[in-house]
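Undergrad: Need the 3D shape of this:
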Amino acid sequence: MRQEMKSEHGPIPAEIQAVDLFCGAGGLSCGLQQAGIGVVAGLDFDQRCEYPFTENIEAVFLGQDLASTTSESLGEYFQSPKYSLIAGCAPCQPFSTLSNGSDRKKSSKWPLLRQFGRVVADLKPDLVTMENVPILQKEEIFDEFVTGLRSLGYSITYKVMDASKYGVPQKRKRLVLLASMLGPIRIISPEELGVEETTVRQAIGHLPPVAAGKTDKSDALHRAQGIHPINLQRMRHSKPGGTWKDWPYKLRLECHKKPGGATYTSVYGRMEWDKPSGTMTTQSYSFGTGRYGHPEQDRSLTLREMAILQSFPDDYKFTPAGKVPEFSSVGRLIGNAVPVRLGYVIGRSIQQHIEEYESQ
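TA: Below you'll find the predicted structure:
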């Protein structure tokens, strides 16, 4: 039976069906659905992903480790699609530049890209997509992954994309790979989509004001972390797009008064209304972890604002009704997600590829 899935244009037959490995809260899946691709299942080891994935994507959630999951069991979720897609974003912590100088090759998450490759080799889907941090393309594990795909007969393209050029309201560079058994495939351009940069104002300017430490009565996710009195003073002296150098000297941190700390200017800052924000992280709800101060309200970002800057729909659900969203756990779900809009671009690239293939 052909599954009816969500898209920007209403329910459509899911001729392309996807299994989303490392699905997280569903950012990539949501974007694929908006592009008209059916998502039949998502897998993630983190059980906290189950509620947002099942509630929003309305697909099967598998709360398990990919390493202990057979390819055959994943393949059973495809419902006789015309085209099959394996999608995913292997956890990027081993490859991230934020790994604090640790040996990336010793990370327990390092083999997960090999597990991704193992599933592709076993199932041989028509299409494959992977998203990750740009530094991955310099690693041997990526060369191994690409070589494996080519040996199976896939045509491959990959490049580093600035998500802000595709309408995601934040500066976020990501490595995106597309592979197809049907022939050459490419990533469509912002010009083809007819999109422009989205600013912070355009993204979150419509939300009601919220004070630090408070929650909007109509949206539990529109919740701001409390702020220490001295950080409140610092916030009030912070200029949009500025740095802690705008503060009176007495408010500066001791580390910033030292010569070695003078270069760290990307923390304790406010965003600018009329530009995309900086890259969302798992801690973008905290004033001290980046330029995550609201452009004019004296507080850091709310969880809802974080989600919208990751291009999640305004009503995307991360926690059940009546449950107070925890900053650390929900912030991790949001910060680690593939921006929904980037997932849409990937989906539209695949759809255009199919259209070109079928027109031949």
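Undergrad: so where's the stretch 1-150 of the chain shaky on pLDDT?
TA: Counting by pLDDT under 70, the stretch 1-150 of the chain has low-confidence residues at 1-13, 92-110.
Undergrad: for the stretch 151-300 of the chain, same thing?
TA: Scanning the stretch 151-300 of the chain with the threshold set as pLDDT under 70 gives 256-266.
Undergrad: Just want to check the distance between the residue of the chain positioned farthest from its centre and Q233.
TA: What lies farthest from the middle of the chain is K250; by Cα atoms, centre = their mean that is 38.1 Å. Counting by Cβ to Cβ, to the nearest Å, the separation of K250 from Q233 is 9 Å. Glycine gets a C-beta too; all of them are placed from N, C-alpha and C.
Undergrad: Spell out the residue ranges of the helices in the stretch 51-200 of the chain.
TA: Taking DSSP state H, counting those that start in this stretch as the criterion, the stretch 51-200 of the chain contains helices spanning 71-75, 112-123, 140-152, 190-193, 200-204.
Undergrad: can you put the ones you listed in a markdown table and add distance to R299 and mean neighbour count?
TA: Formatted as a markdown table, the helices of the stretch 51-200 of the chain follow (distance: least, Cβ to Cβ, whole Å; neighbours: other Cβ atoms under 10 Å):
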| stretch | distance to R299 | mean neighbour count |
| --- | --- | --- |
| helix 71-75 | 43 | 15 |
| helix 112-123 | 36 | 19 |
| helix 140-152 | 39 | 15 |
| helix 190-193 | 32 | 13 |
| helix 200-204 | 13 | 20 |
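Undergrad: Distance to E254 added to those, as JSON lines?
TA: Below are those laid out as JSON lines (distance: least, Cβ to Cβ, whole Å):
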{"stretch": "helix 71-75", "distance to E254": "52"}
{"stretch": "helix 112-123", "distance to E254": "40"}
{"stretch": "helix 140-152", "distance to E254": "40"}
{"stretch": "helix 190-193", "distance to E254": "44"}
{"stretch": "helix 200-204", "distance to E254": "31"}
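Undergrad: how far is stretch 29-37 from where the chain is centred?
TA: Put simply, stretch 29-37 sits 14 Å off its chain's centre (Cα atoms, centre = their mean, to the nearest Å).
Undergrad: what helix or strand is the closest residue to I188 other than its chain neighbours on?
TA: Excluding its sequence neighbours, the residue lying closest to I188 (Cβ to Cβ, 6 or more residues apart in numbering) is S349, at 4.8 Å. Following DSSP states H and E, one finds S349 within helix 340-359.
Undergrad: For stretch 163-174, give me every contacting residue.
TA: Applying Cβ atoms under 8 Å, 6 or more residues apart in numbering, the contact partners of stretch 163-174 are 131-134, 160-162, 190, 193, 195-200, 202-204, 276-280, 308-311, 338-339, 341-342, 345.
Undergrad: Many thanks, I have nothing further to ask.
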